[in-house]
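Participant: How does the following fold in three dimensions:
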Amino acid sequence: MTRFIGKHLLFLGITLFVVSLIVFLLTEFTPGDVARKILGAYATEEQVAHLTREMGLDRPVLVRYLDWLGALLSGDLGYSTRFKVPVSEIMFDRLANTGFLALVSFLIIVPLSMLLGIAAGMREGSALDRVILLFSTVCASVPEFAMGVFLASIFVVSLGWLPGAATLQPGPNWSVAQQLVLPVAVIVLFDMGYVVAMIRASMVEVMQRPYVRTAVLKGMSFRRVVLGHALRNAMINPVTVILLQINYLITGVVVVETVFAYPGFGRLMLEAALAKDIAVVETGALVAVFIAVMTQILGDLGYMLLDPRIRA
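Facilitator: Reported below is the predicted structural model:
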């Protein structure tokens, strides 16, 4: 186990280093002058040249990369030209907001997906299985933007039951909990469709295994067969998929956060990219890669805990 964790942490460090270099070079060679972008189209050439020298953009690329990497390792994430504050002041606040949204969604997605997927997989070909499979397919097929607009048109425009924005600022008419209903609903419906289909497929495969049929023929109750033999084996593959949803819930909900004006990490990265806020883009890219690799490590650990053959 120690060797496994050490190997993955080494892989994480190498990945972050490579990504940091790639992101730095990409931001370096993207079209457009950073100083001109900050000062605007009406700034003079002297003003642009002065800001370029002040920001150190006239130095060699390798020197600036090493300086940036050294500052990053010391805890200095840089200064946001879009928000006019240090990156650390906005990055972790936005991550906390997205983390809260992800936690609420995850706590709904996992039990519902397991319930529906197991129920469908236990009775393959039944009416319940067909209904659940149709539901999961539709949810996974509808884009987040379309689903958000559809739900907003019903519950915001037509019925007026919920607010159309989730700014996390309680007002006289809507509480924070009410603001979270639509973003969470869109994320849960979109993500749950894929997870339900994976759990159902795994459950169907396990229910056809010889040891399950043997247990049934021996007279063991169907409930005991499912809980004692089929369920644990059926969750070996989906557990990795479920844990990988953490990556999507934190770094992949840009559309949902934009549609509902949610002040989260994805929306921050979108605004920073549009404004060419290099410090935020670089830091956000490293954070996204870190989360992606860590969820992969968690998925591998979960796989090992469920399957003794992997541990051996």
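Participant: which residues touch residue 206?
Facilitator: Applying C-beta atoms under 8 Å, 6 or more residues apart in numbering to residue 206 gives the contacts 121, 212, 230, 233, 234. All C-beta spots, glycine's among them, are computed from the backbone N, C-alpha and C.
Participant: ok, those residues vs residue 261, which is closest?
Facilitator: residue 121 (38.7 Å; C-beta to C-beta).
Participant: Double-check that that closest one belongs to a strand.
Facilitator: No - read with DSSP: H, G, I helix; E, B strand; the rest coil, residue 121 is helix and lies in no strand.
Participant: What strand or helix carries the spatially closest residue to it that is not a sequence neighbour?
Facilitator: Here the nearest residue to residue 121 in space, its sequence neighbours aside, is residue 203; by C-beta to C-beta, 6 or more residues apart in numbering that works out to 2.4 Å. Element membership of residue 203 [criterion: DSSP states H and E] is helix 176-207.
Participant: Can you give me the neighbour number for residue 278?
Facilitator: By the criterion of other C-beta atoms under 10 Å, residue 278 has 25 neighbours.
Participant: From residue 20, how far out is it?
Facilitator: Shown here: residue 278 relative to residue 20, a distance of 13 Å by C-beta to C-beta, to the nearest Å.
Participant: Give me the pLDDT for residue 111.
Facilitator: What the model reports as pLDDT for residue 111 is 90.
Participant: do the same with residue 66
Facilitator: We have a pLDDT of 83 for residue 66.
Participant: Now it: which helix or strand?
Facilitator: Counting by DSSP H and E, residue 66 is part of helix 61-73.
Participant: re the thing from before, what's the average pLDDT for the helix holding residue 203?
Facilitator: Mean pLDDT, helix 176-207: 86.
Participant: now swap in stretch 11-29 and tell me
Facilitator: Per-residue pLDDT over stretch 11-29 has a mean of 81.
Participant: do the same with stretch 137-151
Facilitator: Mean pLDDT, computed over stretch 137-151, is 87.
Participant: Quickly list the domain ranges of this protein.
Facilitator: 2-73, 87-311 (automatic domain parsing).
Participant: just these: most buried one?
Facilitator: Counting by mean count of other C-beta atoms under 10 Å, domain 87-311 has the highest mean neighbour count of those, with a mean of 18.
Participant: Nearest residue to residue 152 in space, please, no chain neighbours.
Facilitator: residue 164 (5.5 Å).
Participant: Look up how far residue 179 lies from the one you found.
Facilitator: Residue 164 is 9 Å from residue 179, by C-beta to C-beta.
Participant: Identify the contacts common to these two.
Facilitator: Residues touching both residue 164 and residue 179 by C-beta under 8 Å, 6+ apart: residue 260.
Participant: And the contacts of residue 206, which is closest to residue 25?
Facilitator: residue 234 (44.7 Å).
Participant: so what's that closest one up against?
Facilitator: Residues counted as contacts of residue 234 (C-beta under 8 Å, 6+ apart) are 118, 121, 199, 202, 203, 205, 206, 207.
Participant: Tell me the one of those nearest residue 292?
Facilitator: Distance to residue 292, by C-beta to C-beta, is smallest for residue 199 among the contacts of residue 234, at 22.2 Å.
Participant: Could you say which helix or strand holds the nearest residue to the closest one once chain neighbours are set aside?
Facilitator: Distances taken as C-beta to C-beta, 6+ apart place residue 117 nearest to residue 199, at 2.7 Å, with adjacent residues excluded. Using DSSP H and E, residue 117 falls within helix 87-122.
Participant: Return the list of helices and strands in contact with that helix.
Facilitator: Counting contacts by 3 or more C-beta pairs under 8 Å, 6 or more residues apart in numbering; DSSP states H and E, helix 87-122 packs against helix 127-141, helix 176-207, helix 231-234, helix 236-251, helix 265-274, helix 278-306.
Participant: Switch the ones you listed over to TSV; also include distance to residue 108.
Facilitator: Output for the helices and strands packed on helix 87-122, formatted as TSV (distance: least, C-beta to C-beta, whole Å):
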stretch	distance to residue 108
helix 127-141	13
helix 176-207	5
helix 231-234	20
helix 236-251	11
helix 265-274	19
helix 278-306	18
